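> Kindly return the folded structure for what I paste below:
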Amino acid sequence: MSLNVTFGVTTWLWTSPFKSDTPALFEKIKGMGFDAVEIPVEDPDLIDVAGVQNALMQHDLKPVICGAFGPSRDLTHDDPSFHQTSFDYIQKCFDISSALGAKFVAGPMYSAVGKARLLSPEQKRVEWDRAVNNLHIVCKMAASAGQEIALEPLNRFETDLINNAADLMQLIHDINHPAAKVLLDGFHMNIEERSIEDAITLVGEKLIHVQVSENYRGTPGTGQTRWEDYRRGLEKINYQGTVSIESFTPEIKELAGAVCIWRPLAESQDDFASEGLKFLKEWAS
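Numbering: from 1, shown residues only. Predicted structure coming up:
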């Protein structure tokens, strides 16, 4: 029995930030056979929503809105002004998502990416409680906009707060709001989870988006990932959402530096996408 999923790809595979000319990629993305495109919102003011909407309709692509949480967007910061900056940014993401007909905003919005420290239990509790309280506010914002949030665990080198599915389910339990849902990213799971299958079944019906690449962040199907474990987990929970390729281009130096990609991971970014999709369609069939 084949998985009942659709396939997407992030524009980060080719460029950053997403701006007015980025929808020019949509024709190529659709031509490769993708159903959806991830739209990373690094700077909301750079996104021409009407232009994006037209391009999505023209090429029959479904949008997935992903947030970018750098140092200034930190819901666990000691300075509450950072929380307000985060709320303002996330609200703009909800506005974009709503306008484009998407249903959720995804990403590790509980903290700033790159905060990886050895904390005392007391400080960890302080930051955990800030994340819970502030994300409850975000969930109320989401509900008011007809949206949900897809929270993403990151590996230990990128955050010290939420590293695996168990961490995230505890956070969602504490947030205690129906808008809090889950994004699982295979790159991080390959580092942090003992069992991919168990992680997927643990989050269960909360899972609303999946991102994949290889263990080395390369083209799906070319590395050490245990793809059958993904398949069994997704089958068990009857996942019917999007499975999206997420990696990054080494050509955009600021982005490449942020994700520590120091060399090309494929012959070309187009090959990365097309060969990855070919593998995923065979894997899901």
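
> Run through the residues that contact Asp271.
Thr219 (C-beta atoms under 8 Å, 6 or more residues apart in numbering). No exception for glycine: its C-beta is placed from N, CA and C like everyone else's.

> mind showing which ranges of the stretch 1-150 of the chain have poor pLDDT?
By pLDDT under 70, the stretch 1-150 of the chain contains no weakly predicted segment.

> what ranges do the helices span in it?
Using DSSP state H, counting those that start in this stretch, the helices assigned to the stretch 1-150 of the chain run over residues 26-32, 49-59, 80-100, 121-144.

> who wins for proximity to Met189 among the ones you listed?
Closest approach to Met189 among the helices of the stretch 1-150 of the chain (C-beta to C-beta): helix 121-144, 20.4 Å.

> That closest one - contacts with which helices or strands?
Counting contacts by 3 or more C-beta pairs under 8 Å, 6 or more residues apart in numbering; DSSP states H and E, helix 121-144 packs against helix 80-100, strand 148-151, helix 165-175.

> from the ones you listed, which stretch is densest packed?
Among the helices and strands packed on helix 121-144, strand 148-151 has the highest mean neighbour count (mean count of other C-beta atoms under 10 Å), at a mean of 26.

> Tell me the strands beside that one, with direction?
strand 104-107 (parallel), strand 180-185 (parallel) (DSSP bridges).

> and Arg125, which of those strands is closest to it?
Ranking these by distance to Arg125, with C-beta to C-beta as the measure, places strand 180-185 first at 19.5 Å.

> closest one to Asp95 among the strands paired with strand 148-151?
Nearest of the strands paired with strand 148-151 to Asp95, taken as C-beta to C-beta: strand 104-107 at 10.0 Å.

> Check what contacts that closest one and list those residues.
Contacts of strand 104-107 with the rest of the structure, by C-beta under 8 Å, 6+ apart, involve 64-69, 90, 93-94, 97, 142, 147-152, 181, 183, 208-209.

> Spit out the contact partners of the residue in the chain sticking out farthest from the centre.
Ranked by distance from the centre of the chain (C-alpha atoms, centre = their mean), the top residue is Glu122, with 29.3 Å. By C-beta under 8 Å, 6+ apart, the contact set of Glu122 is empty.

> gap between it and Lys281?
Distance from Glu122 to Lys281, counting by C-beta to C-beta, to the nearest Å: 49 Å.
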